[in-house]
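# any chance you can model this:
(2 chains)
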Amino acid sequence: MAAKINKSLFRRGLSLVDAMVAIAILSVGVMAATNYRYYAALDARKATVHTAAAKIGQMLCESWRGVDGAETYDPITCLGSNLEITTSTGPGKPEDFTLLGSYTVRLNGVSYYVTMSWKDIYSGLRALNVVVAWVQREQAGSDIDDADKSFKLTTYMLR
Amino acid sequence: MREKTFATQCGFTLIETMIGTVIAGIVIFGVGVVLVEAPRGWRVMYNRINCDVVTDGHVAAKMFEAVVRKADGESFLVDGDGDWIEVCYYESEDSVVVDRYVRFYETDGELNVEYGKLKPKQTLSIQTVCRDVSDCVFSVAGRSAQMILTLDDGTQANTVVSSGVMHN
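Purely as a prediction, here's the structure:
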């Protein structure tokens, strides 16, 4: 009976170091979970912006194609009343293509920089090219020089 | 013998206890905040990707493109203010003239699509494509048609653009 009492009195508890180690391990877990959530949200936003860029490129390409790829096509005239689109500097066009124009399209609070160009492959066949660039982590004051992602679309049409 | 046992017992000092309490309090507070915010953050992120405003926008854009691509490039009507568009198409390969029409229009915050027969003009069905439409504008450039659709459910707004060339 006496031995049992002594064992109970001398049982070792948690030291401050033990508690600190446990807290450190818990903190690592919490930080990992927070990091995961942050990158998941960031990647979701990247995917949304990428999809919007593709849709903008497709829309500009198809509306230009609708007027037979005319050199006089002006997206501001065609879409400007419904879409926030202005003339600006844009990403580079492919070599050998003739520049139609460069524009900035604002959609869902994101700026997309667009360059449209064309090339006659041979008589009766024209290639229409649209390059859409954007800044993945857009901040106030971001411009075309900060654009780090782009989407390129080329369509061919018989004339 | 018993008094000696109690005298050598090792315990926490008051300072250790206070430091431990403060650190534990900070950690418990931090973990609590993370646990409380986690479901809310997850729900916000999930809605950002999968809420009706986003998915309905993509569905409407796909539907618009699919209809326009099979339409006749010569026979279409578009409202001057861009409130509606009507395109015509061949019902089947046996049709020698365009005999069907599709009309997209927005009313009471809903984007509707009306299918009908031409000559005589007769409505066959009307379907609602999506709700929470705050703005929808149609336009035409040559043989291509565009739709710029904005959906807003009060918590999130999303604008989608779509376009298609009328091939037939």
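# so what's the residue in chain B positioned nearest to chain A bridging to?
Residue of chain B nearest chain A, by Cβ to the nearest Cβ: residue B:144 (2.6 Å). Placement of C-beta: from N, CA and C, glycine included. Using DSSP bridges, the bridge partners assigned to residue B:144 are residue B:141, residue B:165.
# show me the strands paired with the helix or strand harbouring residue B:128, marking each as parallel or antiparallel.
Residue B:128 belongs to strand B:122-130 when assigned by DSSP states H and E. Each strand paired with strand B:122-130, and its direction, by DSSP bridges: strand B:110-117 (antiparallel).
# once you drop chain neighbours, what's closest to the residue of chain A found nearest chain B?
Closest residue of chain A to chain B, Cβ to the nearest Cβ: residue A:66 (2.6 Å). Among residues not flanking residue A:66 along the chain, residue B:144 sits closest, at 2.6 Å (Cβ to Cβ, 6 or more residues apart in numbering or on different chains).
# list the contacts for that neighbour?
The contact partners of residue B:144, by Cβ atoms under 8 Å, 6 or more residues apart in numbering or on different chains, come to A:62-63, A:65-67, B:68, B:163-166.
# which residue is the nearest non-sequential neighbour of the residue nearest the centre of chain B?
The centre of chain B sits closest to residue B:54, judged by Cα atoms, centre = their mean, with a distance of 1.2 Å. Distances taken as Cβ to Cβ, 6+ apart place residue B:158 nearest to residue B:54, at 5.5 Å, with adjacent residues excluded.
# check residue A:96 too.
residue A:119 is the one closest to residue A:96 (Cβ to Cβ, 6+ apart), at 5.8 Å.
# ok, that neighbour - how many residues close by?
17 (other Cβ atoms under 10 Å in any protein chain shown).
# mind listing what the helix or strand hosting it pairs with, with the direction of each?
Assigned by DSSP H and E, residue A:119 belongs to strand A:110-122. With DSSP bridges as the test, strand A:110-122 is paired with strand A:98-107 (antiparallel), strand A:125-134 (antiparallel).
# perfect, that will be all.
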